[in-house]
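Student: Got a predicted model here, sequence first, then my questions.
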Amino acid sequence: MTILGLPSDRMIVMGILNVTPDSFADGGRFHTTDLAVARALVMIDVGVDVIDIGGESTRPGAEQISTDEEQSRVIPVIEALKRTGVAISIDTKKASTARAAIQSGATIVNDVSAGLADADMLATVASLGCPYIAMHSRGNSQEMGSLAVYQDVVKDVLAELAERAREALAAGISRSNLILDPGLGFAKEADHNWALLNNLDAIKELGFPVLIGASRKRFLGSAVNAQSPDDREEATVALTALIANQGIWGVRVHSVRPHRDAIAIAGRLR
């Protein structure tokens, strides 16, 4: 399926741009408009497909911020980048921020709550007519750790994702605009994440493009004894290479060039 004219012959690379002081991997590095725009231009130069701009950290334990604060962080960056022609995603749980971002030049809404955090989100996205990434999660950043309890994580996540997809379609979001994300690390322990990655075919069988966001997360570090997020980059690239030929729509990552290279090499092997 082609979305926004993005490549359909390979897995796309979504570059993470956190305009925040407290995100787990890069909080504070790009927290001003100038720093964020400069970082985005570097990603564009090395071939990013989508830039995912977020103004509120979703790491476990993160404090929620006001809508005004979130928008003051992301809207100037979106406005500065819209003239580059790159596809821009807004990473938000708030319907009003999603609307403001799309009106300012973003083209995709990426919602880690799949519409559960804001009752107006699904109808808002439907009215905007833009692609929507619905991610599986449970609870907010403060409580998700206590909700990582499953009878069968693959079956449970699939059932909950399928329900969010049904709600999105019922709200008027076009099937061709819906993308699903299993939400690695969100209300999930390391073994849960590995189980989901070992069952990507089952996630694809839900019938929607699939986005995977594993970049520099703790469960990768536990497999290679890498403590800091930066030290988990090589493990993230390895995962990208391993799933590049499995029919996954895209990966959401902190760096761009290594992942574009991994996808290219996987493509040649295919």
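Tutor: Good, I have the coordinates.
Student: low-confidence ranges in the protein?
Tutor: Residue ranges of the chain with pLDDT under 70: 1, 22-31, 60-62.
Student: can you pull out the strands in it?
Tutor: For the chain, the strands defined by DSSP state E cover 12-18, 50-54, 87-91, 108-111, 132-135, 178-181, 211-212, 250-253.
Student: which strands and helices sit next to the shortest one?
Tutor: For strand 211-212, the elements it packs on are strand 178-181, strand 250-253, judged by 3 or more CB pairs under 8 Å, 6 or more residues apart in numbering; DSSP states H and E. Bear in mind the C-beta positions are built from the backbone N, C-alpha and C, glycine included.
Student: follow-up on the earlier one: let's have the strands of the chain in CSV, adding distance to Glu69 and mean neighbour count.
Tutor: As requested, the strands of the chain are exported to CSV (distance: least, CB to CB, whole Å; neighbours: other CB atoms under 10 Å):
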stretch, distance to Glu69, mean neighbour count
strand 12-18, 14, 27
strand 50-54, 13, 25
strand 87-91, 15, 26
strand 108-111, 18, 26
strand 132-135, 22, 27
strand 178-181, 25, 24
strand 211-212, 26, 25
strand 250-253, 23, 25
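Student: Asp261: which of the ones you listed is closest?
Tutor: Closest to Asp261 of the strands of the chain is strand 12-18 (CB to CB; 10.2 Å).
Student: In CSV, list the C-alpha atoms belonging to that closest one.
Tutor: The C-alpha coordinates for strand 12-18 follow below in CSV (Å, rounded to 0.1, in the frame of the first residue of the first chain):
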residue,chain,number,x,y,z
ILE,A,12,10.4,3.4,5.0
VAL,A,13,12.5,5.2,7.6
MET,A,14,10.8,7.5,10.1
GLY,A,15,13.2,9.7,11.8
ILE,A,16,12.5,10.7,15.5
LEU,A,17,12.7,14.4,16.3
ASN,A,18,12.0,15.0,20.0
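Student: Quick check: the spatially closest residue to Asp91 that is not a sequence neighbour vs Val109, distance?
Tutor: Distance criterion CB to CB, 6 or more residues apart in numbering; nearest residue to Asp91, sequence neighbours excluded, is Gly54 at 3.4 Å. Noted for Gly54: a distance of 12 Å to Val109, by CB to CB, to the nearest Å.
Student: Lys204 and Ile212 touch, don't they?
Tutor: No. Here Lys204 lies out of contact with Ile212, judged by CB atoms under 8 Å, at a distance of 11.1 Å.
Student: Quick check: neighbours shared by the two?
Tutor: Taking CB atoms under 8 Å, 6 or more residues apart in numbering as the contact rule, Lys204 and Ile212 both touch Ile248.
Student: Buried residues, stretch 167-176. List them.
Tutor: Ala168, Ala171, Ile173 (16 or more other CB atoms under 10 Å).
Student: thinking again about what came up before, in the sheet, who's paired with the residue nearest to Asp91?
Tutor: Gly54 has these beta-bridge partners by DSSP bridges: Asn18, Asp91.
Student: Contact partners for it?
Tutor: Counted by CB under 8 Å, 6+ apart, Gly54 has contacts Ile16, Leu17, Asn18, Val19, Thr20, Ser23, Val74, Ile90, Asp91, Thr92, Asn110.
Student: quick one: which of those residues is nearest to Ser222?
Tutor: Nearest to Ser222 among these, counting by CB to CB, is Ser23 at 19.9 Å.
Student: Distance check, Val19 against Gln227.
Tutor: On the measure of CB to CB, Val19 and Gln227 end up 26 Å apart.
Student: What is the helix ranked longest in the chain packed up against?
Tutor: Looking across the chain with DSSP state H, the single longest helix is helix 153-170. When contacts are defined as 3+ CB pairs under 8 Å, 6+ apart, helix 153-170 packs onto helix 121-128, strand 132-135, strand 178-181, helix 190-197, helix 200-204.
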